[in-house]
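Q: the sequence isn't on hand, but the structure is:
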């Protein structure tokens, strides 16, 4: 897999989070990930080569079996608590899927998929208007929230679409919005898992390049950014970290 940075020359009216920047090296990659998930949320099919469609992992993808293998149950290592303010970065439609009502925690989200953001905004308050606070449109490295605002931050399922130097910026932003001594839970692809290589191939053909890095490099970067890993949990594809700054 190549690991190229992307050049930005963007539409500032459509993507308001770039309004104060003349240049953003991550724009092309972010827009590719947005397009890949917008297409999936719209229920549109992807045109893939026959050799990719013949792969067992593609059959798992179309049947829905792949989801159970790659989902990261973040609540198992950092369960949201009652009245906590929680930020779900790259949230998708998390509030509609996971048991936020049982947790009684306040939900705030940020998402780059316009389809997911709009669906969540329409349905979230109908599901539970007390717990669903808001969802913003924007990338993970530019969080549209105030400093020291949250008790818990979550980011699962998308670290793999960006290189490590992008995630250095994400960790910096997460540290800014978290209250002191609070936790950040996120996952990364374990490149040593048997599923990793074929999943990376599938995702690349679905429109979003995957960056595979050893866990050692992730852990080195977390420590360099001032994070302390307090808990870990392996999965079939993703490896979860619970980090305190």
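A: Sure thing, it's come through. Given the structure is predicted, the values throughout are model-derived calculations rather than measurements.

Q: secondary structure class for the residue nearest to residue 91 when sequence neighbours are not counted?
A: The shortest distance from residue 91 to any non-neighbouring residue, by C-beta to C-beta, 6 or more residues apart in numbering, is to residue 109 (3.6 Å). Backbone N, C-alpha and C define where each C-beta goes, glycine included. At residue 109 the chain is in strand, as set by DSSP: H, G, I helix; E, B strand; the rest coil.

Q: hmm, residue 109 is touching residue 140, no?
A: No. In this structure, residue 109 is not within contact of residue 140 by C-beta atoms under 8 Å, at 11.5 Å.

Q: intersection of neighbour lists for the two?
A: Taking C-beta atoms under 8 Å, 6 or more residues apart in numbering as the contact rule, residue 109 and residue 140 both touch residue 89.

Q: run through the chain and note the low-pLDDT ranges.
A: 1-24 (pLDDT under 70).

Q: returning to that earlier point: what about the residue nearest to residue 91, how many residues nearby?
A: 26 (other C-beta atoms under 10 Å).

Q: that one pairs with what?
A: Counting by DSSP bridges, residue 109 is bridged to residue 88, residue 135.

Q: residues touching it, list them.
A: Here residue 109 is in contact with 87-89, 91, 94-95, 117, 120, 134-136 (C-beta under 8 Å, 6+ apart).

Q: just those now: which is nearest residue 227?
A: residue 89 (15.1 Å; C-beta to C-beta).

Q: once you drop chain neighbours, what's closest to the closest one?
A: Closest to residue 89 by C-beta to C-beta, 6+ apart is residue 155, at 4.1 Å.

Q: now do residue 38
A: In space, residue 38 is closest to residue 115, 4.8 Å off (C-beta to C-beta, 6+ apart).

Q: from residue 91, how far out is that neighbour?
A: 13 Å (C-beta to C-beta, to the nearest Å).

Q: more neighbours: which of these two?
A: Shown here are residue 115 and residue 91; by other C-beta under 10 Å, residue 91 has more neighbours (27 against 18).

Q: buried residues of stretch 194-213, list them for me.
A: The neighbour-count check on stretch 194-213 (16 or more other C-beta atoms under 10 Å) flags 195-196, 199-203, 205-213 as buried.

Q: before we move on, what about stretch 162-182?
A: 162, 166-167, 169-171, 173-175, 177-178, 182.

Q: those helices in the protein, which residues are they?
A: With DSSP state H as the criterion, the chain has helices at 27-41, 50-53, 56-63, 65-70, 94-97, 100-103, 114-128, 164-177, 196-205, 215-224.

Q: determine the set of other helices and strands touching the fifth one.
A: It refers to helix 94-97. strand 106-111, helix 114-128 (3 or more C-beta pairs under 8 Å, 6 or more residues apart in numbering; DSSP states H and E).
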